[in-house]
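J.: I'd like to go over a predicted model; first the sequence, then the structure.
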Amino acid sequence: MLGIGTGIDQSSVVEPADLKEITGNTATTLQLWLQNDTEVTTAQWKDSSGNDNHATQSSEADQATVSGGGLNFEETESDHYDLTSTITIGANQGFCVAFVIEMETVSNNTLFSKGANEQIKIVNGTEFFFKADNPSATSTLFVFPSGTFDNSKALFLLNRSAGAENKFTFMKNGSTLTADVDSSSNEASGENPNGFDIDTLGSLEGTGSFFDGKILEVAFWNRSLTATEIADVNSYLQEIHGL
């Protein structure tokens, strides 16, 4: 059994102005922020991090529709977006990704990818898959209780600490989840020290495992966040999205 992080009391959290203020952002920390209801069109979702790393799609056939301040992806229509710049996380480097989604079909919904060996995706109602490819392919499949991933709108946060052990914290709507590691290249310990790149939103390399449903907000940091920052990120996004 893997305990992923510890619960954080949010009763005394004071809501900061936005995600950039929460983490003392410079453009080198918050790598990507696809902010809800902020300069989002079918062709482009503008990056609010300051990096101009917009999510773009020039092909109308592969464009999602604007919905709920975010984008509604149709799996059968191959909707997906390319990031203007590749985000690179080095070996042993921490990172954090927070995302608000509302899935239509809960099956192989890829959030980010860059090739078969670099993926972040929800596999089904209980499984979350992370795979990194630097220096060699390392995968971790987290298995959660039934119904963890469903059709309701929810905020998820995945935080990986820096260092050779790279412990994970996984949260849903501000609460820490505990998981078994069903299969892992790292002795089922919940460790994954490998680095990876991401450059695609909503599919595996633009060719499969397409997201089916709404992506309402996404933020990606190239370092692990502190417990206080995690609590503040959760508080901010839960308030914005009524969770």
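T.: Sure, I can see it.
J.: got the contact list for the residue nearest the centre of the chain?
T.: For the chain, the residue whose C-alpha lies nearest the mean C-alpha position (CA atoms, centre = their mean) is Val97; its distance is 4.2 Å. Counting by CB atoms under 8 Å, 6 or more residues apart in numbering, Val97 touches 111-112, 120, 157-158, 218-221. Heads up, the C-betas are built off the backbone N, CA and C, glycines and all.
J.: Dump those residues to CSV, plus pLDDT and neighbour count.
T.: Putting the contacts of Val97 into CSV (pLDDT from 0 to 100; neighbours: other CB atoms under 10 Å) gives the following:
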residue, pLDDT, neighbour count
Leu111, 98, 23
Phe112, 98, 25
Ile120, 97, 19
Leu157, 98, 24
Leu158, 96, 19
Val218, 98, 23
Ala219, 97, 26
Phe220, 97, 24
Trp221, 97, 25
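J.: Let me know the closest of the residues you listed to Asp52.
T.: The nearest member of the contacts of Val97 to Asp52, counting by CB to CB, is Phe220 at 14.4 Å.
J.: now that closest one, which residues is it bridged with?
T.: Beta-bridge pairing for Phe220 (DSSP bridges): Leu32, Val97.
J.: looking at it, it is touching Leu32, isn't it?
T.: Yes: using CB atoms under 8 Å, Phe220 makes contact with Leu32 at a distance of 4.3 Å.
J.: which regions of the chain sit below the pLDDT cut-off?
T.: Applying pLDDT under 70 to the chain flags residues 1-16, 25-27, 181-190.
J.: most residues in a single helix of it, which one?
T.: What stands out as the longest helix in the chain, according to DSSP state H, is helix 227-241.
J.: Can I get it as CSV, trimmed to CA atoms?
T.: Provided in CSV are the C-alpha atoms of helix 227-241 (Å, rounded to 0.1, in the frame of the first residue of the first chain):
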residue,chain,number,x,y,z
ALA,A,227,2.6,21.9,1.3
THR,A,228,1.5,25.5,1.8
GLU,A,229,1.6,26.1,-2.0
ILE,A,230,-0.4,22.9,-2.7
ALA,A,231,-3.0,23.9,-0.2
ASP,A,232,-3.3,27.4,-1.8
VAL,A,233,-3.4,26.0,-5.3
ASN,A,234,-6.2,23.7,-4.3
SER,A,235,-8.1,26.4,-2.5
TYR,A,236,-7.8,28.8,-5.4
LEU,A,237,-9.0,26.3,-8.0
GLN,A,238,-11.7,24.9,-5.9
GLU,A,239,-13.1,28.4,-5.4
ILE,A,240,-12.9,29.3,-9.1
HIS,A,241,-14.6,26.1,-10.2
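J.: any idea how far Ile22 is from Thr110?
T.: As judged by CB to CB, to the nearest Å, Thr110 and Ile22 stand 26 Å apart.
J.: wait, I meant Leu141
T.: Taken as CB to CB, the span from Leu141 to Ile22 is 30 Å.
J.: just so I have it, where are all the helices in the protein?
T.: Going by DSSP H, the chain shows helices at 19-22, 227-241.
J.: Pipe the ones you listed into JSON lines and attach mean neighbour count and distance to Gly90 per row.
T.: Converted to JSON lines, those look like this (neighbours: other CB atoms under 10 Å; distance: least, CB to CB, whole Å):
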{"stretch": "helix 19-22", "mean neighbour count": "19", "distance to Gly90": "23"}
{"stretch": "helix 227-241", "mean neighbour count": "19", "distance to Gly90": "20"}
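J.: Could you export these as TSV, including distance to Asn192?
T.: Compiled in TSV, these are given as follows (distance: least, CB to CB, whole Å):
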stretch	distance to Asn192
helix 19-22	24
helix 227-241	18
